[in-house]
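Novice: Provided below for reference: sequence and predicted model.
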Amino acid sequence: MSVIYLLITISIVVAIAFLVAFIKAVKSGQYDDDYTPSVRMLFDDEVVKKENPNKLIQTEKQKSI
């Protein structure tokens, strides 16, 4: 039974160590995305901007009059 307590203790220590390492990596900027902003301007044409849907309806109504 004492082996189970030992294994649980070791697993909790390892989990805490991984959590601390993850938090340290996030705070140091390890996961910051430096590539996407530099390439975003190349794909601006594919982004469709939403227009006012009421404007489209008003335009169609004016055409029918």
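Specialist: Sure, I can see it.
Novice: okay, buried residues for the lengthiest helix in the chain please.
Specialist: Longest helix in the chain by number of residues (criterion: DSSP state H): helix 2-27. By neighbour count with 16 or more other Cβ atoms under 10 Å, helix 2-27 contains no buried residues. Using the backbone N, CA and C atoms, a C-beta is placed for each residue, glycine as well.
Novice: any idea which helix or strand comes after that helix?
Specialist: Per DSSP states H and E, helix 2-27 leads on to helix 36-40 as the next helix or strand towards the C-terminus.
Novice: which parts of that next one are buried?
Specialist: For helix 36-40, burial by neighbour count (16+ other Cβ under 10 Å) applies to no residue.
Novice: and it, what's its mean pLDDT?
Specialist: The average of the pLDDT scores along helix 36-40 is 76.
Novice: what does stretch 1-12 give?
Specialist: Across stretch 1-12, the average pLDDT comes to 96.
Novice: for the longest helix of the chain, name the packing helices and strands.
Specialist: Based on contacts counted as 3 or more Cβ pairs under 8 Å, 6 or more residues apart in numbering; DSSP states H and E, there is no element that helix 2-27 packs against.
Novice: let's number from 255 now, not from 1
Specialist: Let's use 255 as the start, then, which means that last one is helix 256-281.
Novice: could you find the closest non-adjacent residue to Ala279?
Specialist: For Ala279, ignoring the flanking residues on the chain, the nearest one in space by Cβ to Cβ, 6 or more residues apart in numbering is Tyr285 at 6.9 Å.
Novice: hang on, that neighbour packs against Ile277?
Specialist: No. With contact defined as Cβ atoms under 8 Å, Tyr285 does not reach Ile277; the gap is 11.4 Å.
Novice: tell me the pLDDT at Lys315?
Specialist: pLDDT, Lys315: 54.
Novice: let me fix that, I meant to ask about Lys309.
Specialist: Predicted confidence (pLDDT) at Lys309: the value is 59.
Novice: just Phe297 next, same as before
Specialist: The model's pLDDT for Phe297 equals 73.
Novice: run a quick neighbour tally on it.
Specialist: Neighbours of Phe297 under the rule other Cβ atoms under 10 Å: 9.
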